[in-house]
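# Next comes the sequence, and after it the predicted model I'd like to discuss.
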Amino acid sequence: MPVSVPGAASRAFYSCTRFPLVATRWALLLLPAFCLALPPDCPDWSEPRAATEINQLYEEIQHWDQAYYFRHQSLVDDAVYDQARATLARWNGCFPGLARQPRRPGGEGEGTIAHPVPQTGLQKLRTAEEVGEWLARRSDLWIQPKVDGVAITLVYRRGELFRMISRGDGERGQDWTAHARRIPAILAEIPDKRPELVLQGELYWRFEAHVQAEGSDNARGRASGAVASNDLSREQAQSLGVFIWDWPRGPATMPERLRALKALGYDSAAFTHRVETLDEVRSWRQSWYREPQPFATDGIVLRQGARPAAEHWLPEPPTWAAAWKHPAATALAEVVAVNFPVGRTGRIVPVVEIRPTLLDDREIRRVSSGSFDRWQAWDIRPGDQLRIALAGQTIPKILEVALPATQRAALDIPDPEDYDSLTCWRPTEHCEAQFLARAQWLGDKLGFRAMGEGRWRQLVEAGVLEDLLAWTALSRRALTDIPGIGDLRAAKLERNFQQARKRTLREWMTALGMPAATLLSGDFWRGETFASLSQRSAGDWQQLPNIGPKRARDIARFMDHAEVLALAGRLRDIGVDGF
């Protein structure tokens with residue numbers, strides 16, 4: 001199962017009560033114990049291993065939380081943090097006697113002070129369906145961008161800025177007042193002269209035209225780094241903006257609050273809109289994700305206009321507000337298995353199977369390690385937690401092994417030295433994968449229809465594909481004798497086989513896997529036969545355009561290989577032109 005990392009003012013985990021992923025990191029403590037006892041898919045671990053795995057993940061989450069809340073450092077992405085909490089909750093439910101509940105980060109340390117009104121955090125809605133259900137149960141709803149910065153509380157007394165407090169754990173945070181007085185976006189005076197006025201909002205890094213779909217540009221890191229530093233520079237102070245998203249003891253309705261905020265000098269109305277339908281929510285979410293904005297965002301926030309009195313607020317997700325994050329750019333995924341397919345040329349590219357993991361609103365189930373050497377360097381094993389992302393917004397890739405499993409599972413690992421471009425011409429032991437890759441390549445290059453790897457595997461398992469050309473001798477009757485192949489399928493396969501006999505020498509040599517066959521021009525192939533090609537030495541091949549020394553040697557080895565010569569003889573016997 002995926003794991004997650006800390007990020008913005010909201011953090012989350014998933015519980016079995018359909019309680020949404022929540023924004024406060026310590027909210028696990030608030031859930032009923034019976035809920036955590038029902039997770040599916042428990043790992044098959046001994047108690048000693050379960051204790052070790054749970055403790056490792058628990059300690060990592062505690063480390064992330066301390067860094068996030070009290071050093072203002074996001075060591076991992078929000079999505080990774082969320083998944084880590086979900087994974088720990090699942091493991092705790094599987095092994096209740098070994099459960100470790102993350103402690104609420106200690107807020108009473110040196111330099112922290114209490115918020116006059118707790119910062120509540122947010123429920124986290126994961127899907128459009130959950131958003132629709134949340135909307136259906138409420139009225140008087142408003143949407144705001146979830147500005148990606150650092151949460152703060154501003155306290156004014158008789159119209160003058162008295163204090164700025166970091167979010168901390170929601171109850172206590174650090175005193176950032178000295179920095180606040182140097183930030184132009186934070187008003188030193190407001191026209192409201194009541195004894196105390198409390199605002200909650202987000203301190204963010206300003207941009208001219210930031211498009212969130214193109215990345216966060218480390219916006220949160222810039223903002224948190226600035227206010228966490230001992231010496232806030234003039235340039236940093238001018239680069240910081242503030243978005244007020246709530247006024248706990250403000251006017252009763254949202255329109256009144258927005259008008260009153262504007263009168264104070266904080267205009268949030270441009271980014272606060274009434275919504276009623278899921279389509280409207282989707283539209284604003286896409287707009288703030290793909291269109292230029294003055295700040296980075298990591299989702300949207302839905303709020304009810306009416307909410308309880310501030311005296312009843314708690315440092316935990318309320319029922320009257322929720323977040324819907326943007327598609328995750330990175331995720332933490334739990335390794336289920338590692339496969340080592342051997343490609344047509346003998347190259348082994350390990351494929352890592354993972355628990356289904358959402359990434360950019362797509363469910364990812366497997367990811368390539370990129371190369372055998374890279375897999376070997378990472379030593380990826382079942383139980384490892386990987387941080388993954390999308391390369392070019394389409395292909396999942398592994399960024400790192402974020403949390404190695406404490407016990408290393410045994411794997412049946414092939415030796416790359418056993419395979420090269422001339423091995424596995426028959427489906428013998430340890431050769432089936434490369435042979436099937438050869439067969440699929442051949443079928444693709446000869447234009448076979450409806451003949452993917454699964455169909456070739458069917459022939460192998462039926463014992464009728466002893467080599468790469470055994471299919472040339474199969475009749476329609478022989479094909480229909482194979483389980484799963486009826487008359488219609490057999491007729492299509494037979495047409496493939498018949499049409500293959502009419503392919504040119506160039507197409508056949510490409511299909512058999514001759515190196516650089518496609519780089520040789522059409523003029524080269526005119527008048528050539530397999531016999532004439534076989535008579536060329538490596539030096540002869542090197543004289544041709546696009547053929548260097550290595551390619552020349554590879555071609556010469558291919559043309560002289562016993563299996564290639566045998567296949568060429570078979571093609572000659574059945575009358576294929578050029579052989």
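Cool, the structure landed. Numbers count the residues shown, from 1 in each chain.

# Now do residue 310: how many residues are near it, please.
Using other Cβ atoms under 10 Å, residue 310 is surrounded by 16 other residues. To be clear about C-beta, it is placed using only N, CA and C from the backbone, and glycine gets the same treatment.

# can you pull the contacts of residue 547?
Residue 547 makes contacts with 516, 519-520, 541, 555, as judged by Cβ atoms under 8 Å, 6 or more residues apart in numbering.

# my read: residue 183 touches residue 234, true?
No - between residue 183 and residue 234 there is no contact under Cβ atoms under 8 Å: 10.3 Å.

# out of these two, which sits in the more crowded spot?
Taking neighbours as other Cβ under 10 Å, residue 183 and residue 234 compare with residue 183 leading, 22 against 9.

# any idea how far residue 553 is from that one?
Here residue 183 is placed at a distance of 67 Å from residue 553 (Cβ to Cβ, to the nearest Å).

# so how many other residues sit close to residue 395?
10.

# In the beta-sheet assignment, what are the partners of it?
residue 391 (DSSP bridges).

# what's the answer for residue 142, then?
Here residue 142, judged by DSSP bridges, has bridge partners residue 274, residue 303.

# what's the spacing between it and residue 273?
Taking Cβ to Cβ as the measure, residue 142 falls 7 Å from residue 273.

# Comparing these two, which residue is more hemmed in?
Between residue 142 and residue 273, counted using other Cβ under 10 Å, residue 142 has the larger neighbour count: 18 against 14.

# Let me see the contact set for the more buried one.
By Cβ under 8 Å, 6+ apart, the neighbours of residue 142 are 254, 272-275, 302-305.

# at 10 Å instead, please
By Cβ atoms under 10 Å, 6 or more residues apart in numbering, residue 142 lies in contact with 254-255, 257-258, 272-275, 301-305, 321.

# Residue 260 now?
Under the criterion of Cβ under 10 Å, 6+ apart, the neighbours of residue 260 are 192, 247, 250-251, 266.

# Got the confidence number for it?
With respect to pLDDT, residue 260 scores 97.

# For the helix or strand hosting it, list every residue counted as buried.
Following DSSP states H and E, one finds residue 260 within helix 254-264. By 16 or more other Cβ atoms under 10 Å, the buried positions in helix 254-264 come out as 254, 257-258, 261, 264.

# before we move on, what about stretch 243-254?
Of the residues in stretch 243-254, 243-248, 250, 254 count as buried by neighbour count, 16+ other Cβ under 10 Å.

# Just those residues: which are in strands?
With strands defined by DSSP state E, the entries of the buried residues of stretch 243-254 inside them are 243-246.

# For residue 53, state which of those is nearest.
Residue 53 has its nearest neighbour among these in residue 245, at 38.1 Å by Cβ to Cβ.

# Is the residue nearest to residue 154 when sequence neighbours are not counted in a helix, a strand, or coil?
Leaving aside its sequence neighbours, residue 154 sits nearest to residue 199 (Cβ to Cβ, 6 or more residues apart in numbering; 4.4 Å). Judged by DSSP: H, G, I helix; E, B strand; the rest coil, the three-state class of residue 199 is strand.

# Number of residues surrounding residue 199?
A count of nearby residues for residue 199, using other Cβ under 10 Å, gives 26.

# Pairing partners for whichever strand or helix holds residue 353, with directions?
Using DSSP H and E, residue 353 sits within strand 351-359. Take DSSP bridges as the rule and strand 351-359 pairs in its sheet with strand 330-339 (antiparallel), strand 362-368 (antiparallel).

# for the record, mean pLDDT for the longest one?
Put plainly, it is strand 330-339. Strand 330-339 shows a mean pLDDT of 92 in the predicted model.

# Then stretch 551-561?
The model assigns stretch 551-561 a mean pLDDT of 96.

# What of stretch 518-529?
Here stretch 518-529 scores 91 as its mean pLDDT.

# tell me how far the ends of that stretch are from each other?
Using Cα to Cα, to the nearest Å, one end of stretch 518-529 lies 16 Å from the other.

# Give the buried residues for it.
So, applying 16+ other Cβ under 10 Å, buried residues of stretch 518-529: 520, 525.

# Identify the residues contacting that stretch?
Under the contact criterion Cβ under 10 Å, 6+ apart, stretch 518-529 has outside partners 445, 504-507, 509-510, 514, 517, 533, 535-536, 541, 544-547, 551, 555, 568, 572, 577-579.

# Please flag which of those residues sit within helices.
Among these, DSSP state H puts 445, 505-507, 509-510, 533, 541, 551, 555, 568, 572 in helices.

# Same list (those) but as CSV, adding distance to residue 68.
As requested, the ones in helices among the contacts of stretch 518-529 are arranged in CSV below (distance: Cβ to Cβ, whole Å):
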residue, distance to residue 68
445, 54
505, 65
506, 61
507, 60
509, 60
510, 56
533, 65
541, 61
551, 54
555, 58
568, 66
572, 71
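
# Now which of these would you call buried?
Here, 16+ other Cβ under 10 Å leaves 445, 505-507, 509-510, 533, 541, 551, 555, 568 buried among the ones in helices among the contacts of stretch 518-529.

# What is the nearest of those to residue 436?
The nearest member of those to residue 436, counting by Cβ to Cβ, is residue 445 at 15.0 Å.

# For that closest one, list the residues it contacts.
Neighbouring residues of residue 445 by Cβ under 10 Å, 6+ apart: 500, 503, 507-513, 517-518.

# same check, this time on residue 282
Going by Cβ under 10 Å, 6+ apart, residue 282 touches 128, 131-132, 275, 300, 324.

# can I assume residue 402 is in contact with residue 87?
No - between residue 402 and residue 87 there is no contact under Cβ atoms under 10 Å: 11.2 Å.

# Which of the two has more residues huddled nearby?
Higher neighbour count among residue 402 and residue 87: residue 87, with 27 against 20, using other Cβ under 10 Å.

# and the gap between the more buried one and residue 293?
33 Å.

# now do residue 576
63 Å.

# Quick check: which ranges of this protein have low pLDDT?
Judged by pLDDT under 70, the chain has its weakly predicted residues at 1-40, 69-72, 104-111, 393.

# domain ranges for it?
When the chain is parsed with automatic domain parsing, its domains come out as 21-98, 112-324, 330-415, 432-573.

# Same list, the ones you listed, but as JSON lines with distance to residue 426 please.
As requested, the domains of the chain are arranged in JSON lines below (distance: least, Cβ to Cβ, whole Å):
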{"stretch": "domain 21-98", "distance to residue 426": "37"}
{"stretch": "domain 112-324", "distance to residue 426": "49"}
{"stretch": "domain 330-415", "distance to residue 426": "14"}
{"stretch": "domain 432-573", "distance to residue 426": "5"}
